[in-house]
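Q: Please work out how this folds:
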Amino acid sequence: MKRFGFLFPAVVAAALSGCLADAEPNTLSRKEQREGWELLFDGQSLNNWKTFNGGSVTGWKIMDGTLHNSGNDTNYGGDIITVEEYTDFELYLELKIMPRSNSGIFFHVQEGIVNSIHESGPEYQLIDDRGLPEQLQPNRQSGAIYDIQAPEKVKLASEGEWNKTRLVVKGPHVEHWLNGRKVLEYELWSDEWHERVKNSKWSNMPHYGSAKKGHIGLQDHGGLTMFRNIKIRRL
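A: Got it, this is the predicted structure:
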């Protein structure tokens, strides 16, 4: 009995330690591992990322397990993309949108056929809606598919807190989630989609939103945006 009484606290401590490890940023829980999630950022390296139309990542940095874009307002550090390409997937990440910052998540990005990332992959907009001096159009606010369709019922985290973002792509169906709410969904390549593209700034960009597979990208477009817990699973 004494031996059992000695071992029991040790077992409990080990179990608690495992739970705490699962809760650490930039890690996968046991449940996530079983569900097929993969880390795109481990808090220490950028091995899963490269510069769009370029090589190794420059201008971005890792600080205390968090990925920072350049934080510059004019001399950007360049947009980065995953080394691998994805077709159908669920992407999860957490981010802090600092005052007057402008960033975004791109998907189905193609290299070598366009000069800029936004000419290829549609963008899940991430921006400081509250702090910018100019009034943003609804389809250019956080959660939007940039310049295509406005989100609904968006609730950003308070300044300095982490926003939780999900992007789900399954065939033509796309969903944008922000802080536990589905704020937007749409069908790629539908009549409505083509009409919206025709009436947007992408109307003369033939490669925009046309691919069914490609890289995932993160934008550096003014101000500081920080990312962590970037993970993906293929659907």
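
Q: going on from the least confident helix or strand in the chain by mean pLDDT, what's the next piece of helix or strand?
A: Using mean pLDDT, DSSP states H and E, helix 2-23 stands out as the lowest-scoring helix or strand of the chain, at a mean of 40. Next helix or strand after helix 2-23 toward the C-terminus (DSSP states H and E): helix 30-34.

Q: Would you mind listing the buried residues in that next one?
A: residue 32 (16 or more other CB atoms under 10 Å). Using the backbone N, CA and C atoms, a C-beta is placed for each residue, glycine as well.

Q: Downstream of that helix, the next helix or strand is which one?
A: Tracing the chain past helix 30-34, the next element assigned as helix or strand by DSSP H and E is strand 38-39.

Q: For the helix or strand following that next one, report the contacting residues that lie outside it.
A: Per DSSP H and E, the first helix or strand lying C-terminal to strand 38-39 is strand 49-51. Strand 49-51 has contacts (CB atoms under 8 Å, 6 or more residues apart in numbering) with 40, 41, 56, 57, 58, 78, 79, 80, 81, 82, 83.

Q: Now do the same contact list for the second one.
A: Residue 41 makes contact with 26, 48, 49, 67, 227, 228, 229, 230, according to CB under 8 Å, 6+ apart.

Q: with the residues you listed in mind, which one is nearest to residue 185?
A: In terms of CB to CB, no member of the contacts of residue 41 lies closer to residue 185 than residue 230, at 21.9 Å.

Q: residues in contact with residue 216?
A: Applying CB under 8 Å, 6+ apart to residue 216 gives the contacts 40, 81, 82, 86, 89, 91, 105, 106, 107, 109, 232.

Q: distance of the residue nearest to the first one when sequence neighbours are not counted from residue 25?
A: The spatial neighbour of residue 40 that comes closest, neighbours along the chain excluded (CB to CB, 6 or more residues apart in numbering), is residue 230 at 4.3 Å. Applying CB to CB, to the nearest Å, the value for residue 230 to residue 25 is 10 Å.

Q: can you check residue 108 too?
A: Separation of residue 108 from residue 25 (CB to CB): 27 Å.

Q: neighbour-wise, which of these two wins?
A: Looking at residue 108 and residue 25 with other CB atoms under 10 Å, you find the greater number of neighbours at residue 108, namely 22 against 14.
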